[in-house]
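> Give the three-dimensional model of this entry:
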Amino acid sequence: MHCSFCPMIFPLNAGIVTIDEMQYKEQIDLNRIPSHVAIIMDGNGRWAKQHGCERSYGHQAGAETVHIIAEEAAKLGVKYLTLYTFSTENWNRPSDEVAALMGLLFESIEEETFMKNNISFRVIGDIQALPENVQQRLAACVEHTSQNTGMCLVLALSYSSRWEITEAARRIASLVKEGELQPEDITPEKFAEQLATNFMPDPDLLIRTGGEIRLSNYLLWQCAYSELYFCDTYWPDFHEEELHEAICKYQKRERRFGKTSEQINQQEQ
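You can find the predicted model right below:
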């Protein structure tokens, strides 16, 4: 189906600064930027349908948004940005859509963007399930950006939290079986060492776009104390100003981790 709107999706709102964007950006305390932001990028297909386009156009627009948000997060000082890109359940989608997504993934990995912004690149998930050419492209990007010292962009590909936790449990069981670990020595910290995310802290802020209010099998262990932010904006329309708003609202919350407000205030004094 031809769509006259779709060829105009790149760049999206480039150079446009709204009043709301200025308000939210000016409110951000750069000394309290969340160290790790995780995002469930939802709404690509519905965005495409809303604009009379095929779903693939929504995914293309969403890929452009990834670059926009990654660059802005890096500028703000976010240290880790983890994006739910393709879940293990997504393999159940129509084969033509899956093939298109794999092709888009291969084409949208731009090392130049990472190098220009000093961003390192990592991947979590059942990578062996991906097409061989995609695996090679991902591995090359991980290697070539490994010396970058800025933000780490992490793609969750062929990922689900239940898969990750099951794999971690298997590794723990193997360590016990081999006598390298005693059952009584299994702690939350020991378990977390076996998770795919063991190289980064748990998310401070989890954002989900697209209007749905659920975690959808994403970072369930890691988000035990994350601040959750849900918005109706479809992912292709989630740009700098929406990220600024999410961070502003995150900074207005009190993170107590089971303690009282009085205890938190005493620690901060």
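> May I see the buried residues of the top helix by length along the chain?
In the chain, assigned by DSSP state H, the helix with the most residues is helix 55-76. Residues of helix 55-76 classed as buried by neighbour count (16 or more other C-beta atoms under 10 Å): 55-74, 76. (Each C-beta comes from the backbone N, C-alpha and C, glycine too.)
> Give me the below-cutoff pLDDT ranges for this structure.
1-22, 255-269 (pLDDT under 70).
> Okay, and the residue positioned nearest the centre of it sits in which element?
The geometric centre of the chain, computed from its C-alpha atoms, lies nearest to Leu83 (C-alpha atoms, centre = their mean), at 1.8 Å. According to DSSP states H and E, Leu83 maps onto strand 80-87.
> who touches that strand?
Strand 80-87 is contacted by residues 35-41, 66, 69-70, 73-74, 101, 105, 124-125, 151-160, 197, 200-201, 203, 216-219 when judged by C-beta atoms under 8 Å, 6 or more residues apart in numbering.
> Tell me which of those fall in strands.
Those of the contacts of strand 80-87 mapping onto strands are 36-40, 124, 152-159, per DSSP state E.
> ok so, going back, in its sheet, which strands sit next to the strand holding Leu83, and in what direction?
Using DSSP bridges, strand 80-87 pairs in its sheet with strand 36-40 (parallel), strand 152-159 (parallel).
> how far does the following helix or strand past the longest one sit from the chain's center?
Remark: after strand 152-159, the chain's next helix or strand is helix 161-177, criterion DSSP H and E. Computed by C-alpha atoms, centre = their mean, to the nearest Å, the chain-centroid distance of helix 161-177 equals 23 Å.
> ranges for the helices of this structure?
19-27, 44-50, 55-76, 95-108, 111-116, 132-144, 161-177, 188-192, 240-251, 261-268.
> Look up the closest residue to Pro201, ignoring the ones flanking it.
Excluding the flanking residues, the one nearest Pro201 by C-beta to C-beta, 6 or more residues apart in numbering is His36, at 5.3 Å.
> right, and that neighbour touches Phe199 too?
No. Assessed by C-beta atoms under 8 Å, His36 is found out of contact with Phe199, at 11.2 Å.
> quick one on the thing from earlier: separate out the buried members of the contacts of strand 80-87.
Buried, going by 16+ other C-beta under 10 Å: 36-41, 66, 69-70, 73-74, 101, 105, 124-125, 151-160, 197, 200, 203, 217-219, out of the contacts of strand 80-87.
> Relative to the whole chain's centre, how far out is stretch 55-75?
11 Å.
> Could you export that stretch as CSV, CA atoms only?
Written as CSV, here are the backbone C-alpha positions of stretch 55-75 (Å, rounded to 0.1, in the frame of the first residue of the first chain):
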residue,chain,number,x,y,z
ARG,A,55,3.3,-1.4,10.0
SER,A,56,6.8,-1.5,8.5
TYR,A,57,6.7,2.3,8.2
GLY,A,58,6.0,2.6,11.9
HIS,A,59,9.0,0.5,12.7
GLN,A,60,11.2,2.6,10.4
ALA,A,61,10.0,5.8,12.2
GLY,A,62,10.6,4.1,15.5
ALA,A,63,14.2,3.3,14.5
GLU,A,64,14.8,7.0,13.8
THR,A,65,13.4,7.8,17.2
VAL,A,66,16.0,5.4,18.8
HIS,A,67,18.8,7.6,17.4
ILE,A,68,17.1,10.8,18.6
ILE,A,69,16.5,9.6,22.1
ALA,A,70,19.9,7.9,22.4
GLU,A,71,21.7,11.1,21.4
GLU,A,72,19.6,13.2,23.8
ALA,A,73,20.0,10.8,26.7
ALA,A,74,23.8,10.8,26.2
LYS,A,75,23.9,14.6,26.2
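> Since that was my last question, I'll sign off now.
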